[in-house]
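Participant: Got a sequence here, can you model it:
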Amino acid sequence: MIGVDVGETRVRVELFDLTLTELARAERPLEQQRYEVEVIVGHIRDGIAEVLAAAGKAPEQLLGVGIGVPGIVEHTPDHGAVVHGQTMGWDAVPLEELLRSTSQLPDVVPYFIDNGAKTLGQAEMWFGGGRGAQRDRRPLRLRCRRLPRHSRGGERPGGRVGSSDRTGQGPPLPLRGPGLS
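Facilitator: Predicted coordinates:
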């Protein structure tokens, strides 16, 4: 299995065996080029080739490639995973299609592309501190208060803030701060 993290300052590619032991790692810094699509796709493609070669593994042996990216990921039937990443300057980038067209991985190797924070949270649930935790399905109670008019500026009314209480018992959590009671 290969995991790829497209971060703020680098692209990290890691190869793991079935026990999640790291077999190889490659990192590519993002300095001058930042988030240019061709640069990111090249870093991912070259990083995958590098970790496979370092571990002496054939591409056909891969179970899949998981990629965490900043932004919203839309899964489409025509282009696979399409990334909408405002912080990266990406608007509807067909990342999966670009990787498949430039990579030497067989078509049977699946790509699992999603938001990086979402993939990190899922990994925590499977392998980290959240392992064994049950999903909390109790309703989330919200308490909202209107902010003073000056908190947002101009003549528009203030916004709303709130707090949550997942226990479902007792009063909502108190709101604190200037203009809040």
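Participant: can we go C-alpha only for contacts and neighbour counts from here?
Facilitator: Will do.
Participant: residue boundaries of the strands in the protein?
Facilitator: Ranges of strands within the chain are 2-6, 10-16, 22-29, 65-69, 72-76, 80-85, 90-93, 111-115, 141-146, 160-165, based on DSSP state E.
Participant: Pipe those into a markdown table and attach mean neighbour count per row.
Facilitator: Shown next, in a markdown table, are the strands of the chain (neighbours: other Cα atoms under 10 Å):
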| stretch | mean neighbour count |
| --- | --- |
| strand 2-6 | 22 |
| strand 10-16 | 21 |
| strand 22-29 | 17 |
| strand 65-69 | 21 |
| strand 72-76 | 16 |
| strand 80-85 | 21 |
| strand 90-93 | 16 |
| strand 111-115 | 20 |
| strand 141-146 | 14 |
| strand 160-165 | 14 |
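Participant: So for stretch 109-129, what gets flagged as buried?
Facilitator: 109, 111-116, 119, 125 (16 or more other Cα atoms under 10 Å).
Participant: pLDDT check: weakest of the residues you listed?
Facilitator: Ranked by pLDDT, these bottom out at Met125 (77).
Participant: Find the nearest non-adjacent residue to that one, please.
Facilitator: Leaving aside its chain neighbours, Met125 sits nearest to Arg131 (4.9 Å; criterion: Cα to Cα, 6 or more residues apart in numbering).
Participant: From Thr119, how far off is the one you found?
Facilitator: Counting by Cα to Cα, to the nearest Å, the separation of Arg131 from Thr119 is 14 Å.
Participant: got the contact list for the residue lying closest to Gly80 once chain neighbours are set aside?
Facilitator: With Cα to Cα, 6+ apart as the criterion, Gly80 has its nearest non-adjacent residue at 5.5 Å, and that residue is Glu96. Going by Cα atoms under 8 Å, 6 or more residues apart in numbering, Glu96 touches 79-82, 111, 113.
Participant: Need the pLDDT of Glu96.
Facilitator: For Glu96, the pLDDT comes out at 95.
Participant: now it: how far from Leu23?
Facilitator: To Leu23, Glu96 is 24 Å away according to Cα to Cα.
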